[in-house]
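A.B. asks: show me the folded form of this:
(2 chains)
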2 protein chains.
Amino acid sequence: MRGRGELVFVGLGLHPRQVTLEGLEALKTSDRIYVELYTSYYEGFLEELKRLLGVEINVLSRRELEEEGGRKLFADVKRGLKVALASIGDPFIATTHRALLLEALRRGVKVRIIHGVSIMSVAASASGLFAYKFGRSATVVYPKEGILYTYPYYVIEENKSRGLHTLLLLEMDPERGVFMTANDAMRILLDVERAEGKGVFTEETLVVVLARAGTPTGKVYVGKVGRLISRDFGPPPHSIVVPGTLHFMERELLSALEGASP
Amino acid sequence: MRGRGELVFVGLGLHPRQVTLEGLEALKTSDRIYVELYTSYYEGFLEELKRLLGVEINVLSRRELEEEGGRKLFADVKRGLKVALASIGDPFIATTHRALLLEALRRGVKVRIIHGVSIMSVAASASGLFAYKFGRSATVVYPKEGILYTYPYYVIEENKSRGLHTLLLLEMDPERGVFMTANDAMRILLDVERAEGKGVFTEETLVVVLARAGTPTGKVYVGKVGRLISRDFGPPPHSIVVPGTLHFMERELLSALEGASP
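C.D. replies: Okay, here's the model as predicted:
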């Protein structure tokens, strides 16, 4: 039995019907399925996944994965079980899963990776902007103890100075009920602008807001910050792309998407 | 009938069993399926897809999509058909499809986008490197009329100077039978190094070679250019990641992957 143990990282994509055939198969042939729902979010994902698979799914908390290092998972693998750890999107966008992968490789555990549709490529695709013109991405977080986190602002500046687009992910912590909206993210970046004053993110800045990107209710909004900041983008997750220099085809696509903006 | 016409862009993922449930459904409920296989490549993709779907699939050439602007597609949509245009990976990584999307939006055609697993996120995920530390990406192409294309070299330099990783896609033109290997790409970049002499890409440079990334036969190779340049990575597609500054967890993951390198 011992030699059979295996840990399969399964990326579920951004909504339940975005799971791949390969992912579905890996889940169905696993002895035990764990799912982690604290690094990403889609309302009702677990219920829809259960319905789709018709099997039991065990939810792992942040504490169990990060502080306890996935002890449960490795115990199951050691007992010879084929264990699936499922997560929304692609498995290795979140750092937590890389730590687990490293631990598995160190222990000599047999590992398989099933990729899923990720916000990292969907954002480029849905925004109408060229994928190869995206610079590094950043996450906008709420001020901690009154201190503004300026990193995303400087990432936008660095990318813009090279003509590159910036993908901004927004703070999300489902276990604590935190889901930053694009409105809050824009407010925070305007606060950073007031503090830093470099003209990087103002009411005149063109942005693309992606609401529920890659899902059936996904919507794309194009416009200046001053115009979009008070819009209702509907339920999270939201993300934002700040375009750099635009190629004429990108400009035309943004205009067409702006016209089609709901 | 007229109002029913619709154009659905379907990303198939990187191999046939990586299609999503949503994508499969969209293909099965389309009146006509076109597929484009000239911007990406996976051996036997069309045959496996036909087997999976049990329906007819029409292959569109580069000429039909680019020079004729997808005339066939739009004629079908105008006749009220639900038309799917499938492609490997995610629909909007290739510029061709963006041009078609723009044309569709201009004509007021009803459009739907079904995302697929893309090399843009898989490369970050499979390389063990943090996704948010990737700078812009570039494509390595063969010299044209004896002239070396230095752009990817300078993208690596720019990204490295900011501590960022670079994803290099390799020239591919299935219609002409061109599939650049990682070996050829490294040789070309060493040629550029000899011409430009900035020490950006040498035999001592650490690289991650991704062979058939995201597919069941996918393999990851980690090592210095001088050591990997003569390795046999198996069939294409290949891509390369040139790491920037490494976080200790990235360093450990690369070492573990290097140890696990086949």
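
A.B. asks: give me the domain ranges for chain A.
C.D. replies: Domain assignment for chain A, taken from automatic domain parsing, gives A:6-114, A:119-260.

A.B. asks: least reliable of the ones you listed going by mean pLDDT?
C.D. replies: Looking over the domains of chain A, mean pLDDT reaches its minimum on domain A:6-114, with a mean of 91.

A.B. asks: close to chain B, is it?
C.D. replies: Yes: contact of domain A:6-114 with chain B (CB under 8 Å from any CB of the partner chain) involves A:11, A:13-15, A:17-22, A:24-25, A:52, A:90-93, A:95, A:98-99, A:101-102, A:105-106, A:113. Every residue, glycine included, has its C-beta placed from N, CA and C.

A.B. asks: show me what from the stretch 151-262 of chain A comes close to chain B.
C.D. replies: So far as CB under 8 Å from any CB goes, the stretch 151-262 of chain A lies against chain B at A:158, A:162, A:164, A:214, A:216, A:249, A:252-253, A:256-257, A:259-260.

A.B. asks: returning to what we had before: indicate which one of the domains of chain A is closest to residue B:170.
C.D. replies: domain A:119-260 (13.3 Å; CB to CB).

A.B. asks: now find how far off-centre that closest one is within its chain.
C.D. replies: The chain centre lies 13 Å from the centre of domain A:119-260; the measure is CA atoms, centre = their mean, to the nearest Å.

A.B. asks: got it, and stretch A:82-93?
C.D. replies: That offset, for stretch A:82-93, works out to 13 Å (CA atoms, centre = their mean).

A.B. asks: again, but for stretch A:60-69
C.D. replies: Counting by CA atoms, centre = their mean, stretch A:60-69 is centred 19 Å from the centre of its parent chain.

A.B. asks: then stretch A:68-85?
C.D. replies: With CA atoms, centre = their mean, you get 25 Å for stretch A:68-85.

A.B. asks: make sure residue A:141 is actually in contact with residue A:171.
C.D. replies: Yes: under the criterion of CB atoms under 8 Å, residue A:141 makes contact with residue A:171 at 4.3 Å.

A.B. asks: okay, the two: which has more neighbours?
C.D. replies: The neighbour comparison of residue A:141 against residue A:171 (other CB atoms under 10 Å in any protein chain shown) goes to residue A:141, with 19 against 15.

A.B. asks: Provide a list of residues in contact with the more buried one.
C.D. replies: Going by CB atoms under 8 Å, 6 or more residues apart in numbering or on different chains, residue A:141 touches A:149, A:171, A:180.

A.B. asks: secondary structure element for the residue in the stretch 151-262 of chain A positioned nearest to chain B?
C.D. replies: Going by CB to the nearest CB, chain B is nearest to residue A:256 of the stretch 151-262 of chain A, at 4.0 Å. In this assignment (DSSP states H and E), residue A:256 forms part of helix A:248-260.

A.B. asks: contacts for that helix, please.
C.D. replies: The contact list for helix A:248-260 (CB under 8 Å, 6+ apart) reads A:128-130, A:133, A:206, A:208, A:220, A:222-223, A:243, A:246, B:95, B:98-99, B:101-102, B:105-106.

A.B. asks: spit out the contact partners of the residue nearest the centre of chain A.
C.D. replies: Nearest to the geometric centre of chain A sits residue A:119, at 5.0 Å (CA atoms, centre = their mean). Residues in contact with residue A:119 (CB under 8 Å, 6+ apart) are A:14, A:89, A:93, A:169, A:213-214, A:237, A:239.

A.B. asks: mind redoing it with 6 Å?
C.D. replies: When contacts are counted by CB atoms under 6 Å, 6 or more residues apart in numbering or on different chains, residue A:119 touches residue A:89.

A.B. asks: ok, now residue A:85?
C.D. replies: Per CB under 6 Å, 6+ apart, neighbours of residue A:85: A:9, A:34.

A.B. asks: partners of it in the sheet?
C.D. replies: Counting by DSSP bridges, residue A:85 is bridged to residue A:9, residue A:34.

A.B. asks: wait, residue A:14 touches residue A:216, no?
C.D. replies: No: the criterion here is CB atoms under 6 Å, and residue A:14 misses it with residue A:216 at 10.1 Å.

A.B. asks: which one's more surrounded, those two?
C.D. replies: residue A:14 (27 against 11).

A.B. asks: which residue packs closest to that one, ignoring adjacent ones?
C.D. replies: residue A:214 (4.1 Å; CB to CB, 6 or more residues apart in numbering or on different chains).

A.B. asks: can you check residue A:58 too?
C.D. replies: Residue A:58 sits nearest to residue A:34 (CB to CB, 6+ apart), 4.9 Å away.

A.B. asks: try residue A:77
C.D. replies: In space, and not counting its chain neighbours, residue A:77 is closest to residue A:5: 4.1 Å by CB to CB, 6+ apart.

A.B. asks: quick one on the thing from earlier: tally of neighbours for the residue of the stretch 151-262 of chain A closest to chain B?
C.D. replies: Other residues within reach of residue A:256, judged by other CB under 10 Å, total 18.

A.B. asks: what comes up buried for the helix holding residue A:256?
C.D. replies: A:250, A:252-254, A:256-257 (16 or more other CB atoms under 10 Å in any protein chain shown).

A.B. asks: any of the contacts of helix A:248-260 buried? List them.
C.D. replies: Neighbour-count burial (16+ other CB under 10 Å) applied to the contacts of helix A:248-260 gives A:128-130, A:133, A:206, A:208, A:220, A:222-223, A:243, A:246, B:98-99, B:101-102, B:105.

A.B. asks: among these, which are located in strands?
C.D. replies: A:206, A:208, A:220, A:222-223 (DSSP state E).

A.B. asks: quick one: contacts of stretch A:204-216?
C.D. replies: Stretch A:204-216 has contacts (CB under 6 Å, 6+ apart) with A:14-15, A:122-123, A:126-127, A:182, A:218-222, A:224-225, A:228, A:233-234, A:238-243, B:115.

A.B. asks: if you set the cut-off to 7 Å instead, what comes out?
C.D. replies: With contact meaning CB atoms under 7 Å, 6 or more residues apart in numbering or on different chains, stretch A:204-216 is reached by A:14-15, A:18, A:42, A:117, A:119, A:122-123, A:126-127, A:182, A:218-222, A:224-226, A:228, A:233-235, A:237-243, B:115.

A.B. asks: ends of that stretch, how far apart?
C.D. replies: 30 Å (CA to CA, to the nearest Å).
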